[in-house]
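Peer 1: build me a structure from this.
(one chain, ligands or ions: 3)
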Amino acid sequence: MSFFADIPQIAYEGPESGNEFAYRHYNPDEVIAGKPMAEHLRFAVAYWHSFAWEGGDPFGGRTFERPWFGGEMADAKVKADAAFDLFRILGQPFFCFHDADVRPEAESYAENCARLDEITDYFGEKMETVGTRLLWGTANLFSHRRFMSGAATNPDPEVFAYAAATIKANMDATHKLGGENYVLWGGREGYETLLNTDLSREADQMARMLSLVVEYKHKIGFKGTILVEPKPQEPTKHQYDFDVATCYGFLKRYGLEDEVKLNIEQGHAILAGHSFEHEVALAASLGVFGSIDMNRNDYQSGWDTDQFPNSVPEVALVYYEILKAGGFTTGGTNFDAKLRRQSLDAEDLVLAHVGAMDLCARGFKAALALREDGGLETARAARYAGWDDDLGRAMMASDLGEIAERVRRDDLRPEPRSGRQERLENLVNRVTDQI
Ligand code: XLS
Ligand code: NI
Ligand code: NI
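Peer 2: Residues are numbered from 1 along each chain as shown. Ligands and ions are numbered 1, 2, ... in the order given. All right, here's what the predicted structure looks like:
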């Protein structure tokens, strides 16, 4: 019997529905703003949280009992059967995975590659029958003990070599499955203590790895986007890909800013002391916005708790920025989110996604309504209008002496003007309340 037993396929029933196993806002085929909702949102299930994670925390081990928790390839296939069953139940357009989520770890690199090949061939068949596509693939370069001191930034070049070879295998697998992006999250690319760390060397090593990835992408004709995922800390004390601004500086320094974009995660933004919408807006303004990992942190814990999102207003502001940037191209909304360890049942896994997809759909509709209302952009344009006038243009073209002369000549006495924050917050609430 299937792990999800008789859980029905989830259908859209509209906002009035009281059926737990139905979408109330996510109507994948409904065309809004020119395309079906499914194509705007591009939802994905994260294989690692939903199928590989065992429910452990720092004080206790496995709480989940899953029929695929064994170390054999046969278990990996049972896991894949369950995963694609979930994708079918949800009508999920995409999924994402690391190599370590989908195949048991072998003794050698060669055997790891053979296993990855075998399981991804199995995926290929299932993707065709279920219709779920690959949003992105990635390599897990942080769980195995060989990576404890980093992958690309490891002091030992043997580890760099092993990591590079592993990335190659994962890029091949992603390419084979028609993946739309390839992600690099620098799990242990950072340090525990500066006392044993050579910052300059590690930056050069990391840039070398990323350049190799870009070069290989072109060599194999992979048309997807290479995405780096910022995070400021955890598991290392300090991660190099701290936040969007830091990543952009790094890409610029090594001339990679036209080749690499960013995968931005809510929980990581919060850990870095930013809002999710700040990170998305900044990436968009720098031309490196790629995709999102949607989740939420517990705001009190100071930890990347990877919970499913549950705040419409927060999600709405993020989709507002994404819409402003022109929407997703190769990116999408990946639920990098896991159940709480007491949520043991198959139904919990399904309903977590149903709720999150519905919530995101609602936030997305709110964002669209805000775009259509236009009030925020009118206010923003009015606030900066002076820069389109003669004086504003002159500021961009004059030197300090000329500017000083002009201030003296025109006897400028600038007066502060209201930023109208509360009025804008009211506008957001007024428009989004109607969704
Ligand atoms: C961990 C990261 C990870 C990446 C993929 O915090 O979010 O899950 O998304 O390696
Ligand atoms: Ni994360
Ligand atoms: Ni993530």
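Peer 1: every contact and neighbour count from this point should use C-alpha atoms.
Peer 2: Will do.
Peer 1: so which residues of the stretch 51-200 of the chain form helices?
Peer 2: Applying DSSP state H, counting those that start in this stretch to the stretch 51-200 of the chain gives helices spanning 73-90, 99-102, 109-130, 157-176, 199-220.
Peer 1: which one of those helices lies closest to Y299?
Peer 2: Closest to Y299 of the helices of the stretch 51-200 of the chain is helix 99-102 (CA to CA; 27.7 Å).
Peer 1: could I get the helices of the stretch 51-200 of the chain as CSV with mean neighbour count and distance to S301?
Peer 2: Formatted as CSV, these follow (neighbours: other CA atoms under 10 Å; distance: least, CA to CA, whole Å):
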stretch, mean neighbour count, distance to S301
helix 73-90, 20, 30
helix 99-102, 22, 26
helix 109-130, 16, 36
helix 157-176, 19, 32
helix 199-220, 16, 29
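Peer 1: which among these is found nearest to I435?
Peer 2: Across these, closest to I435 is helix 73-90 (CA to CA), at 22.7 Å.
Peer 1: ok now the closest one, how far from the chain's centre?
Peer 2: 22 Å (CA atoms, centre = their mean, to the nearest Å).
Peer 1: quick one: average pLDDT of it?
Peer 2: The average pLDDT within helix 73-90 is 98.
Peer 1: show me what it is packed up against.
Peer 2: helix 99-102, helix 109-130, helix 346-373 (3 or more CA pairs under 8 Å, 6 or more residues apart in numbering; DSSP states H and E).
Peer 1: Serialize those helices to TSV and add fields for mean pLDDT and distance to M37.
Peer 2: As requested, the helices and strands packed on helix 73-90 are exported to TSV (pLDDT from 0 to 100; distance: least, CA to CA, whole Å):
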stretch	mean pLDDT	distance to M37
helix 99-102	98	29
helix 109-130	98	19
helix 346-373	98	8
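Peer 1: as TSV, those helices with distance to G290 would be great.
Peer 2: What follows is these, written out as TSV (distance: least, CA to CA, whole Å):
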stretch	distance to G290
helix 99-102	22
helix 109-130	23
helix 346-373	17
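Peer 1: which of the helices of the stretch 51-200 of the chain sits closest to F328?
Peer 2: Here helix 157-176 is closest among the helices of the stretch 51-200 of the chain (CA to CA), at 19.3 Å.
Peer 1: what's that closest one packed up against?
Peer 2: Using 3+ CA pairs under 8 Å, 6+ apart: helix 157-176 touches helix 109-130, strand 133-138, helix 199-220.
Peer 1: parallel or antiparallel, which strands does the second one pair with?
Peer 2: When pairing is defined by DSSP bridges, strand 133-138 lines up against strand 94-98 (parallel), strand 181-185 (parallel).
Peer 1: so how far is the first one off the chain centroid?
Peer 2: With CA atoms, centre = their mean as the basis, strand 94-98 stands 11 Å off its chain's centre.
Peer 1: before we move on, what about stretch 216-226?
Peer 2: Taking mean C-alpha positions (CA atoms, centre = their mean), stretch 216-226 and its chain are 20 Å apart.
Peer 1: so the residue nearest to M209 when sequence neighbours are not counted versus M171, what's the distance?
Peer 2: In space, and not counting its chain neighbours, M209 is closest to A152: 6.2 Å by CA to CA, 6 or more residues apart in numbering. From A152 across to M171, the span is 16 Å (CA to CA, to the nearest Å).
Peer 1: which outside residues touch stretch 311-322?
Peer 2: 276-277, 280-281, 284, 309, 328, 359-360, 362-368, 370-371, 432 (CA atoms under 8 Å, 6 or more residues apart in numbering).
Peer 1: just the mean pLDDT for it, thanks.
Peer 2: Stretch 311-322 comes out at a mean pLDDT of 97.
Peer 1: and it, which residues are buried?
Peer 2: In terms of neighbour count (16 or more other CA atoms under 10 Å), stretch 311-322 has its buried residues at V312, P313, E314, V315, A316, L317, V318, Y319, Y320, E321, I322.
Peer 1: helices - which of those residues land there?
Peer 2: V312, P313, E314, V315, A316, L317, V318, Y319, Y320, E321, I322 (DSSP state H).
Peer 1: low-confidence ranges, this structure, go.
Peer 2: 1 (pLDDT under 70).
Peer 1: okay if I get the strands paired with strand 133-138 as JSON lines plus mean neighbour count?
Peer 2: As requested, the strands paired with strand 133-138 are exported to JSON lines (neighbours: other CA atoms under 10 Å):
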{"stretch": "strand 94-98", "mean neighbour count": "23"}
{"stretch": "strand 181-185", "mean neighbour count": "23"}
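Peer 1: for G124, find the nearest of those strands.
Peer 2: strand 94-98 (12.4 Å).
Peer 1: need the residues that contact the closest one.
Peer 2: Against strand 94-98 from outside (CA under 8 Å, 6+ apart): 42-48, 87, 132-140, 334.
Peer 1: rerun that using 7 Å as the cut-off
Peer 2: 42-48, 132-140 (CA atoms under 7 Å, 6 or more residues apart in numbering).
Peer 1: quick one: that strand to helix 157-176, angle?
Peer 2: Angle, strand 94-98 to helix 157-176, by axes from the mean of the first three to the mean of the last three CA atoms, to 10 degrees: 160 degrees.
Peer 1: now do the SS call for T330.
Peer 2: coil (DSSP: H, G, I helix; E, B strand; the rest coil).
Peer 1: I'd like to know how far the residue nearest to K126 when sequence neighbours are not counted sits from R42.
Peer 2: Nearest non-adjacent residue to K126, counting by CA to CA, 6+ apart: F84, 7.0 Å away. Distance from F84 to R42, counting by CA to CA: 17 Å.
Peer 1: same deal with N170?
Peer 2: 22 Å.
Peer 1: with A367 instead?
Peer 2: 16 Å.
Peer 1: repeat that for E422.
Peer 2: From E422 to R42 the distance is 33 Å (CA to CA).
Peer 1: which of these two has more residues huddled nearby?
Peer 2: Shown here are E422 and R42; by other CA atoms under 10 Å, R42 has more neighbours (21 against 9).
Peer 1: what sits closest to that one if chain neighbours are left out?
Peer 2: The nearest residue in space to R42 (CA to CA, 6+ apart) is G332, at 4.6 Å.
Peer 1: got a list of what the one you found touches?
Peer 2: L41, R42, F43, S291, I292 are the contacts of G332 under CA under 7 Å, 6+ apart.
Peer 1: no further questions, thank you.
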